[in-house]
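[1] Sequence first, predicted coordinates after that:
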Amino acid sequence: MIEEQDTTDSGADELEPASPPAAKEARPAADAANRTVAELKEHGDKLGEDIESTKQDWRSKQDSAGIPGAMPEDGDPAGMVQEAPEEPDEEPEDADE
C-alpha cells in the first residue's frame, strides 16, 4: 500500500523569505559604491595634504633670495629689488668758475 504524505506542514517556516532578484544584485553594487567613496575620500585627504605641503614649500622658496624666479606677490623677491640712488636736485657747480 502507498502511504500518503502529510503536506500540511512543508517546513515553509524554516525557509528564509524570498527576496527579489534586484535586491540580491543591489547589495554588491552598494558595497562597491561604499568602497569607492572611501577610496575617493582617502585620495582627497592625501591631495589636500600634498597641496598644503606644496604651498609651504613655495612660501619658503619665496623668502629665499637664492631661488631665482620665486617672486612673492609684492613683486620683490625677498628684498632683491633695490631702489636706485636718488639723483641730486641741482647740478654740481664747476669749481673752475
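    Happy to help now that I have it. Since this is a predicted model, take the numbers as computed values, not measurements.
[2] In this structure, where is pLDDT below threshold?
    1-22, 71-97 (pLDDT under 70).
[3] try 50 this time
    Within the chain, the segments meeting pLDDT under 50 span 78.
[4] counting contacts, what elements does the helix or strand hosting residue 25 pack onto?
    Assessed by DSSP states H and E, residue 25 sits inside helix 21-62. Using 3 or more C-beta pairs under 8 Å, 6 or more residues apart in numbering; DSSP states H and E, no helix or strand is in contact with helix 21-62. Yep, even glycine has a C-beta here, placed from its N, CA and C like the rest.
[5] how near is residue 44 to residue 37?
    10 Å (C-beta to C-beta, to the nearest Å).
[6] With residue 65 instead?
    Distance from residue 65 to residue 37, counting by C-beta to C-beta: 46 Å.
[7] for residue 23, same thing?
    Separation of residue 23 from residue 37 (C-beta to C-beta): 21 Å.
[8] go on, residue 43?
    11 Å.
[9] Then residue 62?
    For residue 62 relative to residue 37 (C-beta to C-beta), the value is 37 Å.
[10] of these two, who's got more company?
    It is residue 62, of residue 62 and residue 37, that has more neighbours when counted by other C-beta atoms under 10 Å, with 17 against 10.
[11] And for residue 58, the neighbour number?
    Neighbour count of residue 58, defined by other C-beta under 10 Å: 13.
[12] Could I get the contacting residues of it?
    Contacts for residue 58 (C-beta atoms under 8 Å, 6 or more residues apart in numbering) come out as residue 70.
[13] residues of stretch 56-63 that come out buried?
    By neighbour count on 16 or more other C-beta atoms under 10 Å, the buried set for stretch 56-63 is 61-62.
[14] wait, stretch 27-36
    Of the residues in stretch 27-36, none is buried (16+ other C-beta under 10 Å).
[15] Residue 61 is in contact with residue 67, correct?
    Yes: under the criterion of C-beta atoms under 8 Å, residue 67 makes contact with residue 61 at 4.4 Å.
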